[in-house]
Structures are given as C-alpha cells and as structure tokens.
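Visitor: sharing a model prediction with you, sequence too.
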Amino acid sequence: MKPSKLQLAYFSPCGGTLRAAELLCGQFEGVPVERVNMTCPPGALPGVIPVKKEELLVLAFPVYGGVPPRVEGLFRQLKGQGGPCVLLAAYGNRAYEDALAAAAAQLTRQGFVCVGGLSCVTPHVFAPRLGAGRPDSGADLAAFRAFAEAVKRALAQPALCPAALPGEAQPALKPLKPVPRVRDTERCIDCGLCARACPAGAMDRRYQVDGARCVNCMACRMACPVGAWKFDPSGVRAWLEENFAQPRPVEWFAAGGATG
Ligand SMILES: Cc1cc2nc3c(=O)[nH]c(=O)nc-3n(C[C@H](O)[C@H](O)[C@H](O)COP(=O)(O)O)c2cc1C
C-alpha cells in the first residue's frame, strides 16, 4: 500500500528533531504530509488524534537519557486503527539506547504497527559541536533514503509486520544529568510565555519549576522573547565533548529484518 498521507507527529523543543523528520518525510515523494506539533502544553491538543489505517504515522522525538522524553501523557493522543507507523529518534551523538523500543511499545499499545525505526544524530542542545550540521547531505541522507525504501517495501507486503527494534521496551529510567538554570529577573518582562509553553506543565505563574515534572527540554528558553532563561550546561557539555565526540552513523531497522 502507498500511504494516502504522512501524519508527522513531533516533539521538538529546539528544532533539531523536526529538521530530521522533514528530511525523512521528503523521501516519500508524492505523499502529502500533515504535521501535528506535540511540543505543546498539556491540554492543548485534542484528547484523541486518530490516524487512519491507510495513512503512515511518522513519530519523531528527541532522546533524553536514552529514552523518549518523560513528559507525562506525551503522544497518548495518537490512536491507530491497525495502520503503520515509523519512528525517528533524534539524539545528540551520545546514545539512543532504549528510545526506539520504548516508543514502539507505546505506539503498539495505541493501535499502530511499527514497521520501522531510525535513529539519527542532531546537534546536542547542551553541546552543539556534537552533531553540528547533522543530519548531513552525504551519508545521513543516503541512509534516510534507504530507510524510506525499506519502509515502502514493508508497506507493500500483504500484511503489516512490526520491525525488530533495539533496546528495552520498558527500560529502567536513569536520572538525567543536572543542568542548572536561572531566570534573569532584570530581563524578564513577566509575559508568562515560558510557563505557557512548557510541555510538561512544570512551571507555575511565578516561574517556579517543579523539578519532578521538568525534563530540561528548554522550551521555556525558546519561548522567551527577551532571553531571560539561562541554562548552564557547561558541566554536561565537557563530559559529552570528552567522551562522545566520535560521530555516530544513522541506524535504521525495518520490518522483514532489513537494517542499515
Ligand atoms: C534533557 C536532555 C537529555 C538528553 N539526553 C540525551 C541522550 O541520552 N543521548 C543523546 O545522545 N542526546 C541526548 N540529548 C540531546 C538531544 O537528544 C538532542 O539535542 C535533540 O536533537 C534535541 O531535540 P530538539 O532539537 O528537537 O529539541 C538530550 C537533550 C536533553 C535536553
């Protein structure tokens, strides 16, 4: 089956994931793309976002601590009817660990067949030298193309089969490395946009952050019109640059055992 439409659902506070996802969607020439931005506060989306069986859901998310972002209820609205989905896990050149398997388990529970998963490097928001310029127009683009071709082959089969994806479907969660942040009260114009933008609903009207809900996605910093939120990732940046500078390739997995 050729999908009637791509439904691109994405969580991308700093834009790297979305850029990679657009590159992937571009490999399905002639198929229209509808976008659902899921980088939004709790309650901003309809309770159910149905995806028809003849459509292909492309779910794109960044990897945080080796798994999809631990935002309560994230992607819960997506409801499949036994149709296909593919996953794109964007990560900052450290590791994507259990991200694909964990997302596939959730989407399978929500009525999709995960026919493929791809991991790709994007600039690390805390250490942008890692992943600078990725995905690139050389080996990365070639891998995206090969993945799309493998997905098209999987969709042409008489029945949809799930792809074998690496990692644990229900991984033990690791603590995230702390990234200190301050709000510059001299700059802040008290507009509240940061609190309203928080996809985790972690910030109150007085800009106090609930550390148990916040996932450090930096949507607050991106939403601030005057640059009042300052994150200090210097500690984590030094660790990343020292240990994870060697560029990692795109990896993909499709139904039928195809990999690249
Ligand atoms: C809280 C947090 C945790 C992260 N954890 C990882 C990780 O475990 N492995 C990795 O390679 N990159 C990690 N990254 C980097 C992001 O996956 C990467 O920067 C991604 O492109 C961000 O997506 P965005 O640009 O769409 O917001 C992390 C970033 C954040 C903000």
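Guide: Yep, that arrived.

Visitor: hang on, Cys194 in a helix?
Guide: Yes: assessed with DSSP: H, G, I helix; E, B strand; the rest coil, Cys194 lies in a helix.

Visitor: spatially nearest residue to it (excluding sequence neighbours)?
Guide: In this structure, Cys194 finds its nearest non-sequential neighbour in Cys220, 3.8 Å apart by Cβ to Cβ, 6 or more residues apart in numbering. No exception for glycine: its C-beta is placed from N, CA and C like everyone else's.

Visitor: try Phe147
Guide: Using Cβ to Cβ, 6+ apart, the closest residue to Phe147 is Trp252 (4.0 Å).

Visitor: tell me the confidence at the one you found?
Guide: pLDDT, Trp252: 98.

Visitor: beta partners for it?
Guide: Beta bridges link Trp252 to Leu118 when assigned by DSSP bridges.

Visitor: that one contacts Arg145, doesn't it?
Guide: No: counting by Cβ atoms under 8 Å, Trp252 sits too far from Arg145 to count as a contact (10.5 Å).

Visitor: since we're on Leu155, how many residues are nearby?
Guide: 20 (other Cβ atoms under 10 Å).

Visitor: how near is it to the ligand?
Guide: To the ligand, Leu155 is 26 Å away according to Cβ to the nearest ligand atom, to the nearest Å.

Visitor: do Ala159 as well
Guide: Taken as Cβ to the nearest ligand atom, the span from Ala159 to the ligand is 34 Å.

Visitor: any chance of the backbone angles for that residue?
Guide: Phi and psi for Ala159, reported as degrees, to the nearest 10, are phi -130, psi 150.

Visitor: can you read off the pLDDT for it?
Guide: 96.

Visitor: and what of Asn216?
Guide: pLDDT, read off for Asn216, is 95.

Visitor: in contact with it, which residues?
Guide: Tyr64, Leu176, Val179, Phe231 (Cβ atoms under 8 Å, 6 or more residues apart in numbering).

Visitor: just to revisit the earlier point, comparing Trp252 and Arg145, which residue is more hemmed in?
Guide: Higher neighbour count among Trp252 and Arg145: Trp252, with 27 against 15, using other Cβ under 10 Å.

Visitor: which residues does that one contact?
Guide: Gly116, Gly117, Leu118, Ser119, Ala143, Ala146, Phe147, Ala150, Thr259, Gly260.

Visitor: ok, Leu107 next?
Guide: Leu107 touches Leu57, Leu59, Phe75, Leu78, Gly80, Cys85, Leu87, Cys114, counting by Cβ under 8 Å, 6+ apart.

Visitor: alright, calling it a day.
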